[in-house]
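*Asks:* Can you look at this prediction? I've put the sequence above it.
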Amino acid sequence: DQQVKQNSPSLSVQEGRISILNCDYTNSMFDYFLWYKKYPAEGPTFLISISSIKDKNEDGRFTVFLNKSAKHLSLHIVPSQPGDSAVYFCAASAGNQAGTALIFGKGTTLSVSS
Amino acid sequence: DAGITQSPRHKVTETGTPVTLRCHQTENHRYMYWYRQDPGHGLRLIHYSYGVKDTDKGEVSDGYSVSRSKTEDFLLTLESATSSQTSVYFCAISPRGARTGGSNGGYTFGSGTRLTVV
């Protein structure tokens, strides 16, 4: 039973356009969400996060939107660049307790063509 | 990342043999995690540790055991490797658990160990 769902395995976008990656979750206790980026043969690296008390967080070209009522978050990349081509993982956690681990989605592979 | 290293980077082993993967950190972080990445499954938690000798199971812990005898090392052992354990294994560290936040996000991941069980 997946608690964090990334229903699009892949996304192709042209350079300069917007990339929108989506993530849905089922656990209403989740209150902290993160996006990680992963290149082949490397470990995932942190990209951006958002707390449930916010509905938007922006960092340069990356913006994460959170819709708590829909249990949905999205990552917007504007403008997209070829170097953004990677696998993007959505992750979530519930509460700030010892032993709470991040739960990850299956990932979306983004391909940005020049 | 210099603060976390995994060894070996690649390993091929035979079914039924024991295998130990090592995660070493120099950040003195309290929390350490083992995940596996498989096509169609994303990253799944195997075991984690919240201190020396304090460990707990994750989502896919069957067939795996862990040990943490000192802060810097977290070992993952496959007692008797099976083909279904062929995967890429990632270790992650965190100073304050999943809610670290800040510019470093929740976790720092190692570069992974690609394990093939034949």
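*Replies:* Yep, it's here.
*Asks:* Tell me the residues on chain A that lie near chain B, please.
*Replies:* Counting by Cβ under 8 Å from any Cβ of the partner chain, chain A comes close to chain B at A:6, A:32, A:34, A:36, A:41-49, A:51, A:89, A:91, A:93, A:95-107. Using the backbone N, CA and C atoms, a C-beta is placed for each residue, glycine as well.
*Asks:* So the residue in chain A that chain B sits nearest to: helix, strand or coil?
*Replies:* At 2.7 Å from chain B, A:F46 is the closest residue in chain A, using Cβ to the nearest Cβ. Three-state call for A:F46 (DSSP: H, G, I helix; E, B strand; the rest coil): strand.
*Asks:* Also B:S84?
*Replies:* helix.
*Asks:* check whether the longest strand belonging to chain B contacts chain A.
*Replies:* In chain B, taking DSSP state E as the definition, the longest strand is strand B:42-51. Yes. Strand B:42-51 is in contact with chain A by Cβ under 8 Å from any Cβ, via B:42-45, B:48, B:50.
*Asks:* List buried residues within the residues of chain A next to chain B.
*Replies:* Burial by neighbour count, 16 or more other Cβ atoms under 10 Å in any protein chain shown: within the residues of chain A next to chain B this picks out A:6, A:32, A:34, A:36, A:43-49, A:89, A:91, A:93, A:100-107.
*Asks:* Give me the subset of the residues you listed that lies in strands.
*Replies:* Among these, the members falling in strands (DSSP E) are A:32, A:34, A:36, A:45-49, A:89, A:91, A:93, A:103-104.
*Asks:* and stretch B:81-88, how far out from the chain's middle?
*Replies:* Relative to the centre of its chain, stretch B:81-88 is centred 14 Å away, using Cα atoms, centre = their mean, to the nearest Å.
*Asks:* Whether it contacts chain A - can you check?
*Replies:* No. For stretch B:81-88, no contact with chain A is found by Cβ under 8 Å from any Cβ; the gap never falls below 9.2 Å.
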